[in-house]
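1. Predicted model and sequence below, questions to follow.
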Amino acid sequence: MFSHLLLKGRARKLKARILVLGKPSDYDRETVNTARIRYMEEAIEMIKSENIEKEIKSIQENMVAEEELRLLTSSQKEQKPDVASDYLLLCKCGHFKIDCGTVRLIEQVNYAVLDVEIWDKIEEKPLAKKPSVKDLIMQSEWYHTGCKQKLGTIFLYKNVRVPYLAQTSFSFQLKSDDKRRELVNKWKKLPFQVPAINMKELLEYQKALMKKN
Ligand SMILES: [Zn+2]
């Protein structure tokens, strides 16, 4: 058996804390249990705070980097007026409309609609070609139910089913002027700024989607 002193010395060398239990008669059970509980609580607090601090730091760093990246890349582009909600995107049949205020930019290149209402007007079909490994998050193609026109692909973005928009399937117009309608062709040619998606609205969208189904 190790002597009490030897144990204490080892513990000091390892910078550890030890709970030395004496003969049962030396301590009353209540004291030992209280000490055990305190040590366990301390240990749990230590583990929790270290992990959470690290996690928060990493999340913050990522958010800052993402925002910096966004500013960096958007400053290279021409700045467009922030009036998306003045516009509509239309299916070529003219009967399927998307309020451009609900369109979001995902990963700088993809345009998607975050409006749970559109799910009532569309239908899904299996992907025409099998996705490559890289595109495994592609789920299906989506079509306007009314005219059977293909409008895009449903993607899983952060595990949320999001309808991405095919730029060649849409035209756009001002809500106030339904006489003048133009083909989109290239998203970059839209006359308004499409905001980047943010996690808060993606979460709200997912909640609304779950409520709907
Ligand atoms: Zn249509």
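-> Sure thing, it's come through.

2. Between the two ends of stretch 169-187, what distance do you get?
-> Separation of the first and last residues of stretch 169-187 by Cα to Cα, to the nearest Å is 11 Å.

3. Let me know the average pLDDT across that stretch.
-> In this model, stretch 169-187 has a mean pLDDT of 94.

4. Buried ones in it, by neighbour count?
-> Across stretch 169-187, burial judged by 16 or more other Cβ atoms under 10 Å covers 169-170, 172-174, 184. All C-beta atoms are positioned from the backbone trio N, CA, C, and that covers glycine.

5. now stretch 185-195
-> Across stretch 185-195, burial judged by 16+ other Cβ under 10 Å covers 190, 192-194.

6. Need the residues that contact stretch 62-80.
-> 108, 190-193, 196 (Cβ atoms under 8 Å, 6 or more residues apart in numbering).

7. Looking at the residues you listed, which are in helices?
-> Of the positions in the contacts of stretch 62-80, not one sits in helices, assigned by DSSP state H.

8. Relative to the ion, which of those is nearest.
-> residue 190 (19.4 Å; Cβ to the ion).

9. The closest one touches residue 184, doesn't it?
-> Yes - between residue 190 and residue 184 there is a contact under Cβ atoms under 8 Å: 6.7 Å.

10. got any residues that touch both of the two?
-> residue 172.

11. rewinding a little: just the buried residues of stretch 185-195: which are in strands?
-> Using DSSP state E, no member of those falls in strands.

12. For residue 104, state which of those residues is nearest.
-> Here the nearest of those to residue 104, counting by Cβ to Cβ, is residue 194; it sits at 6.8 Å.
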